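Peer 1: Mind looking at a prediction? Sequence and model below.
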Amino acid sequence: MGFLPHTDFPLPVGIVPEDSDHSIARSTFCNNLATFCVYMGEHMRPRTGIAILFVLSLGIGASAQAQDAEKIVNAYVKATGGSHALARVQTLSIEGTVAGADDGNSGTYTFDTKLPNRYYSELILGGRSVIESYNGKSAWRTDPSGNPVTMFGQASVDMQAAAQIANLRLLNLKKNKIAASFIGHADVNGHDALQVELTNATEVKHEFFFDPQTHMLVKESAPVGGVNEEIFYGDYRRESGVQVARKIELRRGSETFSIEVKSATVNGPIGERVFDLPVKSQVKLPDLKALFKEIDANQKAIDKIKEDYAGTSAEEEFQYDSDGKVKHHSTSESTFFYMDGEEISQQVKKDGKELSEAEKKKETDNAQKRVEELQKQQAEKEAKKEKADEEGKPEKDDEDVGIEIFLRTCEFVNPRRERFRGQDVLVFDFEGNPEYKPRNLGEKIVQKLAGAIWIDEKAHDVARLEAYFVGDAKIAGGLLVNIQKGTGFVFEQEYINNEVWLPTYDEAHVGVRVLLVKGFRVTSVTRYSDYKKFHVGTISTIAPPKTQ
């Protein structure tokens, strides 16, 4: 398997309108999309379809809550300066002083945001610095020693959500797939407040508390970089047409900081380097063309080692309606093994229940059929190779284009060396090259991606990959499919038995509109575990893998 599938991106087939039973169509589309977008797409793709079942009813109460939340947010927008003034804010830079409530130390505070999703927060206090940032591709922070490290897992998801919401300034929430719900009245420092909960596409929740009389924001609560933060605002003053708080109290974990804002600049120049990792932490980027070719060439050897392993997986899928409410939730447990680089799985449980005998037989039959197909493909490949050898001609590889498409369409920045799952890895960010003119559909889609990649140079494999669409990706001008901005994937592996990287986790947040009808939004999370030695070459009948 090469770094990317063939550049002729497989278009989704069988897509049908929202109210039809189209689990196969959605599964096919998600599979193709995930496979195309990331190097290890075979492991990332959701494997089960999504049935259209309404397990939650959006009744009058829920509609009223949404309406109340919208009114509260609109009142805040108006009080802060109005939607036109807020929409003009491209950058916001805040500088101030900070005092630690516990130790009495003082220092400086910096907070910068820049559209569409750049975020930088810095506290320098008592000889230590606390920095959290999202540069549009990866999230990073300083560790207790002051060294910058890349965030991953929930910390990274939290950081991306914080960056998105901070830059939106509570405008166009629905357009940006953020659901708002009115929670009720709450007490904030002895005063009544209206609590509104915002939930973004990755299910990160932010709590906002508004003064019922002034409509201003008095408190914000959310996980930021894996740490729960509460921020209290006061002493608002107008700056370039918008209200900015001058008194801030930050409760971060068990610590409390009092911040006095000395200056607030709206739409001042903020360079991209502000949000990137410090230059001193970066290393020289190796020859990526050579590195990716080594990874590509090593894939067959990796696929062969993987055939000695079998494991179990647990998948959880959520489907959402247009208001961000869960429309359908399903779970699935499977056993799997590998053959010719492909994961072959058999479902053993669905929504917590064992499959019936008929369903088990169907799973076995499907797995057997796929094994036979792969065996046939292998035989055909060997026959072609033998013929090419006899004729003295080089073997043609018409399956993979390789990684040239990434090298052509993307820029690679912020290289650094870190530890991931106990291994030394090379980490770097990537984003589309705006100066490159894409020549085909594949290049157009890849150019829309941004993210970060973790590579084990010694094992010649990818340890982790995180990517998302920075803008809508349209197929057939959007008439057929529109992959929505924010659609993203996370894929993680672990080095097993000191010989091979195997999947441990993948997550997909997919938003798609098809055939100009109402779109769908799905979140899928799969966890892999219980790896055991297993020889696929010895099986005569297909059954859940047995350990050696």
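Peer 2: Looks like it came in fine.
Peer 1: For residue 46, report the pLDDT, please.
Peer 2: Note for residue 46: predicted pLDDT of 36.
Peer 1: Now do the strands in the stretch 201-350 of the chain.
Peer 2: Taking DSSP state E, counting those that start in this stretch, the strands of the stretch 201-350 of the chain run over residues 205-210, 217-224, 227-239, 242-252, 255-266, 309-320, 326-339, 342-350.
Peer 1: quick one: buried residues of the fifth one?
Peer 2: In terms of neighbour count (16 or more other CB atoms under 10 Å), strand 255-266 has its buried residues at 257, 258, 259, 261, 264, 265, 266. For every residue, glycine as well, the C-beta is placed using N, CA and C.
Peer 1: before we move on, what about the fourth one?
Peer 2: Using 16+ other CB under 10 Å as the test for burial, strand 242-252 gives 242, 243, 244, 245, 246, 248, 249, 250, 251, 252.
Peer 1: Name the helix or strand for the residue lying closest to residue 461 once chain neighbours are set aside, please.
Peer 2: Among residues not flanking residue 461 along the chain, residue 501 sits closest, at 4.6 Å (CB to CB, 6 or more residues apart in numbering). Using DSSP states H and E, the element containing residue 501 is strand 500-514.
Peer 1: List the strands paired with the following helix or strand past that strand, with their directions.
Peer 2: Following strand 500-514 in sequence order, the next helix or strand is strand 520-533 (DSSP H and E). Note on strand 520-533: by DSSP bridges, its sheet partners are strand 309-320 (antiparallel), strand 500-514 (antiparallel).
Peer 1: what's the angle between the shortest one and strand 342-350?
Peer 2: Using axes from the mean of the first three to the mean of the last three CA atoms, to 10 degrees, the direction of strand 309-320 lies 60 degrees away from that of strand 342-350.
Peer 1: got the contact list for strand 309-320?
Peer 2: Around strand 309-320, the neighbours that count as contacts under CB atoms under 8 Å, 6 or more residues apart in numbering are 46-48, 50, 52, 203, 326-338, 345, 496, 500, 502, 520-534, 545, 547.
Peer 1: hang on, the earlier thing: from the buried residues of strand 242-252, which shows the smallest pLDDT?
Peer 2: Across the set of these, residue 252 stands lowest in pLDDT, at 90.
Peer 1: Quick check: beta-bridge partners of the residue lying closest to that one once chain neighbours are set aside?
Peer 2: Leaving out its chain neighbours, the residue that sits closest to residue 252 by CB to CB, 6+ apart is residue 229, at 5.1 Å. For residue 229, the beta-bridge partners under DSSP bridges are residue 222, residue 252.
Peer 1: how deep is residue 519 tucked in, by neighbour count?
Peer 2: Per other CB atoms under 10 Å, the neighbour tally for residue 519 reads 17.
Peer 1: An error on my part: the question was meant for residue 513.
Peer 2: 18.
Peer 1: Okay, the closest residue to it other than its chain neighbours and residue 164: tell me how far apart.
Peer 2: Closest residue to residue 513 apart from its sequence neighbours, by CB to CB, 6+ apart: residue 519 at 3.4 Å. Distance of residue 519 to residue 164, computed by CB to CB, to the nearest Å: 19 Å.
Peer 1: returning to that earlier point: neighbours of the residue nearest to residue 252, how many?
Peer 2: Neighbours around residue 229, by other CB under 10 Å: 18.
Peer 1: who's in contact with stretch 487-495?
Peer 2: With contacts defined as CB under 8 Å, 6+ apart, stretch 487-495 is touched by 33-34, 37-38, 40, 43-44, 152, 202, 421-423, 451, 456, 459, 461-469, 501-512.
Peer 1: now the strand holding residue 501: how far from the chain's centre is it?
Peer 2: Strand 500-514 has its C-alpha centroid displaced from the chain centroid by 8 Å (CA atoms, centre = their mean, to the nearest Å).
Peer 1: same check, this time on stretch 354-369
Peer 2: Distance, centroid of stretch 354-369 to centroid of chain: 32 Å (CA atoms, centre = their mean).
Peer 1: Now it: buried residues?
Peer 2: Within stretch 354-369, the residues that count as buried by 16+ other CB under 10 Å are 355, 360, 363, 367, 368.
Peer 1: Please apply the same query to stretch 183-201.
Peer 2: Buried, per 16+ other CB under 10 Å, within stretch 183-201: 188, 193, 194, 195, 196, 197, 198, 199, 200, 201.
Peer 1: could you dump those residues to TSV with secondary structure and distance to residue 235?
Peer 2: Shown next, in TSV, are the buried residues of stretch 183-201 (DSSP: H, G, I helix; E, B strand; the rest coil; distance: CB to CB, whole Å):
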residue	secondary structure	distance to residue 235
188	strand	15
193	strand	17
194	strand	20
195	strand	22
196	strand	22
197	strand	26
198	strand	24
199	strand	30
200	coil	29
201	coil	34
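Peer 1: Pick the one among those closest to residue 433.
Peer 2: Nearest to residue 433 among the buried residues of stretch 183-201, counting by CB to CB, is residue 201 at 25.9 Å.
Peer 1: wait, what's in contact with the closest one?
Peer 2: Counting by CB under 8 Å, 6+ apart, residue 201 makes contact with 177, 178, 324, 486, 509, 511, 521, 523.
Peer 1: Check which helix or strand the residue nearest to it when sequence neighbours are not counted maps to.
Peer 2: Leaving aside its sequence neighbours, residue 201 sits nearest to residue 177 (CB to CB, 6+ apart; 4.4 Å). Taking DSSP H and E as the definition, residue 177 sits outside all helices and strands.
Peer 1: Touching, residue 177 and residue 521? I think so.
Peer 2: Yes: at 6.8 Å, residue 177 counts as touching residue 521 under the criterion of CB atoms under 8 Å.
Peer 1: still on that earlier bit, got a markdown table for the buried residues of strand 255-266, with pLDDT and distance to residue 385 too?
Peer 2: Shown next, in a markdown table, are the buried residues of strand 255-266 (pLDDT from 0 to 100; distance: CB to CB, whole Å):
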| residue | pLDDT | distance to residue 385 |
| --- | --- | --- |
| 257 | 92 | 66 |
| 258 | 93 | 71 |
| 259 | 95 | 67 |
| 261 | 96 | 69 |
| 264 | 96 | 67 |
| 265 | 96 | 64 |
| 266 | 96 | 64 |
